[in-house]
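[1] how would this look folded up:
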Amino acid sequence: MNEPTRFSEDVKQVSELKTRSAEIIGQIRRTRTPVLLTRRGRGVAVLLDVDEYERLVERQSFVEAVEAGARAAADGDLHPHEEALAILETFGDGNGWKTSGSLDGFGPGRPRRDPGMGGAGQP
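    Below you'll find the predicted structure:
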């Protein structure tokens, strides 16, 4: 989210959404900040721009993967170097990731997003 939530502008009653939906959605798309919907003074829902929602979902998935990897490492569930390289070499199998040359070391063999695949996360 690009701007902090402004409670004077970003909190709306559900009844207001019913009568001013196009204006509220326009505000969300323009400012890329969520709008908190309330009923009887209590928060009941949040409206969020689709791009921001997708970014949050992708970020959460990444965080969960990093946490799972950290737990696995803490538990000693690691792959030997050569086995890890062999696993990385398989990244072109349907996910749009390609490798060039050997992955051993810091060179052109690092995984990269195939530009023809498109999608989020492309460098």
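[2] tell me which residues of the helix or strand hosting Thr19 come out buried.
    Thr19 is part of helix 14-31 when elements are defined by DSSP states H and E. Under the neighbour-count criterion of 16 or more other C-beta atoms under 10 Å, helix 14-31 has Leu17, Ile24, Gln27, Ile28, Thr31 buried. Glycine gets a C-beta too; all of them are placed from N, C-alpha and C.
[3] for these, which one is nearest Arg40?
    Among the buried residues of helix 14-31, Leu17 lies closest to Arg40 (C-beta to C-beta), at 14.5 Å.
[4] and that closest one, how far from Val44?
    Between Leu17 and Val44 the distance is 10 Å, computed by C-beta to C-beta, to the nearest Å.
[5] swap in Gly76?
    Distance, Gly76 to Val44, by C-beta to C-beta: 46 Å.
[6] all strands of the chain, in order?
    Remark: strands assigned in the chain by DSSP state E are 11-13, 35-39, 42-47, 97-98, 112-113.
[7] quick one, which of those strands gets closest to Glu58.
    strand 112-113 (13.7 Å).
[8] quick check: mean pLDDT of the closest one?
    Averaged over strand 112-113, pLDDT sits at 46.
[9] biggest helix in this structure, by residue count?
    When every helix of the chain is counted residue by residue (DSSP state H), the longest turns out to be helix 50-74.
[10] list the buried ones in it?
    By neighbour count with 16+ other C-beta under 10 Å, helix 50-74 contains the buried residues Glu52.
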